[in-house]
Structure formats: C-alpha cells, structure tokens
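# Pasting the sequence and the predicted model now:
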Amino acid sequence: MNIQPLADRVVVKPVEEQEVSKSGIIIPDTAKEKPMEGEIIEVGSGRLTDDGTKVDLEVKKGDRILYGKYSGTEISIDGDDYLIMRESDIFAVVNRK
C-alpha cells in the first residue's frame with residue numbers, strides 16, 4: 001500500500017468481527033455490526049497549532065485502537081478496505097506494539 005496521510009490523520013485497517021459466536025452460532029453478514037476496532041497502518045506527520053508549533057501524534061503505526069462507530073472515511077485500495085480518520089476520532093489504544 002502506498003498512501004501517506006497528512007497532518008493528524010491516520011490510516012486504519014478495521015479488524016473483522018468473528019463469524020462464529022462463542023457459543024458456536026454462525027453470524028450472517030447482515031447481523032454483523034460495523035467494526036470499531038482496527039490496526040493503524042500509517043500515520044501523518046502531526047498537527048500544527050495556531051502558533052505554528054508541530055504536535056506529534058500519540059498513536060503510532062502498529063497500534064491496535066478503538067474508534068467511534070461512524071468515524072473516518074472509508075476507502076478501498078487494491079481490494080482492501082481502510083479508514084482515514086483524525087487522531088481525535090480515536091478513543092483508546094488497546095494493544096501497543
């Protein structure tokens with residue numbers, strides 16, 4: 001993938017939900033919720049404050065994150081689905097690499 005987000009934006013690969021529940025019930029595609037967890041694939045260079053100071057992002061490439069249900073813009077690159085979102089749309093880092 002050759003994409004570089006700008007400023008305080010990140011590219012996220014959503015984690016697909018399991019197709020079988022813990023009790024063994026198969027979940028059809030129509031019943032699955034939109035994923036709210038993903039892995040950061042690329043990060044921007046950081047945002048600029050009003051006085052021109054650059055603020056680095058708190059998240060980094062490889063972090064597993066939680067984000068809002070309707071956060072970001074969906075894009076498709078080479079048949080894979082990704083989200084581009086601002087760092088402020090990220091709620092938490094689940095697993096830092």
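Thanks, I have it. Residues are numbered from 1 along each chain as shown.
# Run a quick neighbour tally on the closest residue to E87 other than its chain neighbours.
Nearest residue to E87, sequence neighbours excluded (C-beta to C-beta, 6 or more residues apart in numbering): D8, at 4.7 Å. Every residue, glycine included, has its C-beta placed from N, CA and C. Under the neighbour criterion other C-beta atoms under 10 Å, D8 is assigned a count of 21.
# Do I have it right that D8 meets R47?
Yes. Contact criterion C-beta atoms under 8 Å: D8 and R47 qualify, at 3.8 Å.
# Please name the residues that touch the residue most central in space within the chain.
Averaging the C-alpha coordinates of the chain gives a centre point, and the residue nearest to it by C-alpha atoms, centre = their mean is V12 (3.0 Å). Taking C-beta atoms under 8 Å, 6 or more residues apart in numbering as the contact definition, V12 lies against G38, E39, I40, I41, I65, Y67, G72, Y82, L83, I84, M85.
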